[in-house]
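Asks: what's the 3D shape of this:
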Amino acid sequence: MLQSNPFVEKYWQESVWTDFIGKYQLMVKEKVMMALRNPARKRRYTKRFFNDLQILITEGNFTDEKLLTKNNIKINQTNTTGLSLSIGMTLE
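Replies: I've put the predicted structure just below:
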């Protein structure tokens, strides 16, 4: 689970983080559903899926920026967990 990340453990009580994780979970569910659909439906829903994925990346970036600036932490590649999760889903 995502809670095993030591950086994320601090933010499970933050509403911004839980909102992002809820959206991430919806995208994981949609990704699984896309894999199970027949090929004709898969082509129809692909554009919508990638549009939603683009929104998730933006949300991940916003979430990281908000949490890190709130806690006075310098933003770098190693502590942008929300953005990393979103980009990881894109690369899959």
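Asks: starting at the chain centroid, how far to the helix or strand containing Met34?
Replies: If you go by DSSP states H and E, Met34 is part of helix 15-36. Shown here is helix 15-36, whose average C-alpha point lies 7 Å from the average C-alpha point of the whole chain (CA atoms, centre = their mean, to the nearest Å).
Asks: After that helix, which helix or strand is next? Please name it.
Replies: Downstream of helix 15-36, the next assigned helix or strand under DSSP H and E is helix 39-70.
Asks: Give me the contacts around the next helix or strand after that following helix.
Replies: The helix or strand immediately downstream of helix 39-70 is helix 81-91, counting by DSSP H and E. Under the contact criterion CB atoms under 8 Å, 6 or more residues apart in numbering, helix 81-91 has outside partners 2, 5, 7-8, 17, 20, 24, 27-28, 31, 53, 56-57, 59-61, 63-64, 77. To be clear about C-beta, it is placed using only N, CA and C from the backbone, and glycine gets the same treatment.
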